[in-house]
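Student: What follows is a predicted protein model with its sequence.
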Amino acid sequence: MIGYGAAGRLHQRLLSELGFDVSVVDPAPGAVPGAIPVFEGVEQAVVRRPVDVWSVCSPTATHVATVAEVLSVAPAARLLVEKPLCRTWEIPELNSLLDRHPEARLVVMDQYRHSRAMTLLRSMRQELAPQHPLRAVRVGFGKDRRADIAAGRFVDRDHGIFGYEWLHMLALLRGALPQAAYDGYMGTTPDAHALRVASDPELISTAAHERAVADGVDIELYSTIVGPDPSGQVAVPAWFDLPTAAGESRQRHVDVLAGPVRFGLDLDPVSLPRGTRLPRNTHRLTAEGPGLRREWLIHDSPLDNALRWSVAALLSPAGPPGLDLRGAARIGLLAEAVHPAHRPPSVRT
């Protein structure tokens with residue numbers, strides 16, 4: 001493990017449950033439990049014990065430098081890197097680094113690509129609305145992060161709002177759209193006229209709502225890190241108005257329209273109409289249409305799924321599939337559309 005913050009602690013627990021003997025590289029070893037071996041640097045870790053998988057959970061701004069440091073002492077390293085993999089303008093540097101180390105393998109921790117709830121949504125659409133064309137896909141993530149931001153945690157001044165949950169939203173969008181529609185959407189430049197953003201002098205941006213059309217499908221993406229936008233610059237879409245448990249600001253929702261049938265997926269945390277919180281990793285899928293009303297509760301951990309898939313891909317003889325860096329490029333393009341003078345040149349890949 002490289003880094004022992006919130007993501008690092010999750011990785012450590014899950015990797016230990018998979019049977020890995022986990023050690024940690026962290027310049028502040030005081031936060032690591034005494035039972036876990038801890039090293040102050042990558043080179044020290046390599047000297048002291050063999051490493052099968054490196055899990056990079058350091059801040060995003062350090063990812064490329066950390067990957068370079070690992071490859072300098074272990075050219076054939078297997079690396080699992082938390083999202084975002086890198087900042088948009090670092091994509092050429094990362095690609096060059098991997099080209100110089102052809103035996104290395106790298107995967108990105110893209111947990112919502114491995115959501116079984118999304119897999120079930122696709123199956124239910126084929127089962128309940130097979131004759132209806134896909135009309136719209138909407139994805140929204142919200143969380144009030146003001147307390148964390150005030151304490152200096154989870155602050156992204158490179159991408160603003162697009163550096164928080166947007167990549168998770170793109171993963172769910174990819175799961176809901178046909179491949180051609182998703183490729184079409186990702187191949188376009190964000191339209192500033194279809195993008196509403198709440199600007200912030202300190203945090204770059206705090207909420208955003210994007211509308212697009214790809215292959216005849218309406219697309220909407222919405223996210224906030226301050227709850228309902230206090231500035232009034234970005235209204236909360238009606239389809240994202242969900243009940244939450246007391247003291248819980250997180251909301252993760254997918255809305256899919258196929259003809260007259262609407263499929264809704266509420267991802268953990270999920271609460272009942274009166275605010276009672278359902279157990280962790282419980283998701284709710286609904287289907288509504290003429291003469292149709294169904295609901296399913298699904299227990300699933302996308303994080304656990306993604307970690308297991310990533311480790312298996314890194315250690316398999318075939319290796320993982322090639323990196324898809326379009327998401328990292330996309331959030332850079334969105335940030336530039338809001339503050340073109342503030343952003344370094346983006347690179348599309």
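Tutor: Now that the structure is in, tell me what you want to look at.
Student: where does Ala7 land in three-state SS?
Tutor: helix (DSSP: H, G, I helix; E, B strand; the rest coil).
Student: Cross-check the contact I'm expecting between it and Glu82.
Tutor: Yes - applying CB atoms under 8 Å as the test, Ala7 and Glu82 come out as touching, 5.0 Å apart. The C-beta positions use only the backbone N, C-alpha and C, and glycine is treated the same way.
Student: quick one: low-confidence parts of the stretch 201-349 of the chain?
Tutor: For the stretch 201-349 of the chain, residues meeting the criterion pLDDT under 70 lie at 242-246, 339-349.
Student: Neighbour count: Ala7 and Glu82, which is higher?
Tutor: Glu82 (23 against 19; other CB atoms under 10 Å).
Student: how about the strands of the protein, start to end?
Tutor: 24-25, 38-39, 54-56, 78-81, 105-108, 134-142, 195-200, 204-214, 217-224, 251-258, 261-266, 282-289, 292-299 (DSSP state E).
Student: mind putting the ones you listed in JSON lines, distance to Gly160 included?
Tutor: Putting the strands of the chain into JSON lines (distance: least, CB to CB, whole Å) gives the following:
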{"stretch": "strand 24-25", "distance to Gly160": "30"}
{"stretch": "strand 38-39", "distance to Gly160": "34"}
{"stretch": "strand 54-56", "distance to Gly160": "23"}
{"stretch": "strand 78-81", "distance to Gly160": "21"}
{"stretch": "strand 105-108", "distance to Gly160": "21"}
{"stretch": "strand 134-142", "distance to Gly160": "14"}
{"stretch": "strand 195-200", "distance to Gly160": "8"}
{"stretch": "strand 204-214", "distance to Gly160": "3"}
{"stretch": "strand 217-224", "distance to Gly160": "10"}
{"stretch": "strand 251-258", "distance to Gly160": "19"}
{"stretch": "strand 261-266", "distance to Gly160": "26"}
{"stretch": "strand 282-289", "distance to Gly160": "28"}
{"stretch": "strand 292-299", "distance to Gly160": "32"}
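Student: Could you export those strands as CSV, including distance to Asp99 and mean neighbour count?
Tutor: What follows is these, written out as CSV (distance: least, CB to CB, whole Å; neighbours: other CB atoms under 10 Å):
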stretch, distance to Asp99, mean neighbour count
strand 24-25, 25, 26
strand 38-39, 28, 20
strand 54-56, 19, 25
strand 78-81, 15, 24
strand 105-108, 12, 22
strand 134-142, 33, 22
strand 195-200, 34, 19
strand 204-214, 31, 21
strand 217-224, 32, 22
strand 251-258, 36, 23
strand 261-266, 38, 21
strand 282-289, 39, 18
strand 292-299, 41, 13
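Student: out of those strands, which comes closest to Leu173?
Tutor: Among the strands of the chain, the nearest to Leu173 by CB to CB is strand 134-142 (5.4 Å).
Student: who does the closest one pair up with?
Tutor: strand 217-224 (parallel), strand 251-258 (antiparallel) (DSSP bridges).
Student: and the first one with strand 195-200, angle?
Tutor: In this structure, strand 217-224 runs at an angle of 10 degrees to strand 195-200, with axes from the mean of the first three to the mean of the last three CA atoms, to 10 degrees as the basis.
Student: is it true that Glu69 touches Gln44?
Tutor: No - the pair Glu69 and Gln44 fails to qualify as a contact (CB under 8 Å) at a distance of 11.5 Å.
Student: Those two: which is more packed in?
Tutor: Just comparing Glu69 and Gln44: by other CB under 10 Å the higher neighbour count belongs to Glu69, 17 against 13.
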